[in-house]
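**Q** compute the structure for the input listed below.
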Amino acid sequence: MCRYAKLTETELQKIRQLESELKRVYLLAVERPPSPAKLSEGQLEKIQALEKELNVRLVAYK
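**A** Next comes the predicted model:
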């Protein structure tokens, strides 16, 4: 399971500063990076339909 990294307030501030410098780039700190899910065409279509319905972007990972 993917979990957010446990960061100190100082570490969080460094991430916020970098996001500010990079402009329109958002960083997500996780304990270990997730692996992208290998999806069938049917699974991908279902995800895309839900994205459209909810007006969001979903990320599928293991």
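
**Q** burial of the closest residue to residue 36 other than its chain neighbours, as a residue count?
**A** Nearest residue to residue 36 in three dimensions, chain neighbours excluded: residue 61, at 5.6 Å (CB to CB, 6 or more residues apart in numbering). The C-beta positions use only the backbone N, C-alpha and C, and glycine is treated the same way. Residue crowding around residue 61 was assessed by other CB atoms under 10 Å; the count is 10.

**Q** quick one, what contacts residue 61?
**A** Shown in contact with residue 61 (CB atoms under 8 Å, 6 or more residues apart in numbering): 2, 34-37.

**Q** could you list the low-pLDDT ranges of the protein?
**A** For the chain, no stretch has pLDDT under 70.

**Q** how is this protein carved up into domains?
**A** 1-31, 35-62 (automatic domain parsing).

**Q** can you list phi and psi of residue 61 for me?
**A** Per-residue torsions, residue 61: phi -140, psi 170 (degrees, to the nearest 10).

**Q** so how far is residue 30 from it?
**A** With distances taken as CB to CB, to the nearest Å, residue 61 is found 10 Å from residue 30.

**Q** list the residues that contact both of the two?
**A** residue 2.

**Q** okay but residue 5 is in contact with residue 30, surely?
**A** Yes. Assessed by CB atoms under 8 Å, residue 5 is found in contact with residue 30 at 5.7 Å.

**Q** common neighbours of the two, please.
**A** Going by CB under 8 Å, 6+ apart, no residue sits against residue 5 while also sitting against residue 30.

**Q** just the helices from this protein, written as ranges.
**A** Applying DSSP state H to the chain gives helices spanning 9-22, 41-54.

**Q** including mean neighbour count, could those helices go into a markdown table?
**A** Formatted as a markdown table, the helices of the chain follow (neighbours: other CB atoms under 10 Å):
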| stretch | mean neighbour count |
| --- | --- |
| helix 9-22 | 11 |
| helix 41-54 | 11 |
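
**Q** against residue 39, how distant is residue 29?
**A** Distance of residue 29 to residue 39, given as CB to CB: 25 Å.
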